[in-house]
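K.L.:
predicted model and sequence follow; I will ask about them next.
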Amino acid sequence: MEQMDMTKADMVKYLGSQSRVSEILNGRRKLTLKMVKSIYKGLKIPAEVLLA
């Protein structure tokens with residue numbers, strides 16, 4: 001997010017809701033396959049990086 005100058009609000013588009021974004025960033029929730037696909041397609045981040 002920092003490298004792409006994105007905010008939590010920008011991530012809602014890929015992860016679903018503001019609360020879900022906060023849960024993921026705070027380590028309380030893991031990315032789902034659907035979220036990984038959305039980030040991969042939207043931000044061109046390799047899936048391998050997201051799944052590691």
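P.N.:
The structure has been received and is ready for your questions. Numbers count the residues shown, from 1 in each chain.

K.L.:
what does the pLDDT read for residue 50?
P.N.:
Predicted confidence (pLDDT) for residue 50: 88.

K.L.:
mind listing what it touches?
P.N.:
Residue 50 sits next to 31, 36, 39-40 when contact means Cβ atoms under 8 Å, 6 or more residues apart in numbering. C-betas here are computed from N, CA, C, even on glycine.

K.L.:
make it 10 Å
P.N.:
31, 33, 35-37, 39-40, 43 (Cβ atoms under 10 Å, 6 or more residues apart in numbering).

K.L.:
are any of those buried, and if so which?
P.N.:
Using 16 or more other Cβ atoms under 10 Å as the burial test, these include 35-36, 39-40 as buried.

K.L.:
circling back: what's the farthest-apart pair in the contacts of residue 50?
P.N.:
33 and 43 (15.9 Å; Cβ to Cβ).

K.L.:
number of nearby residues for residue 41?
P.N.:
Residue 41: 11 surrounding residues under other Cβ atoms under 10 Å.
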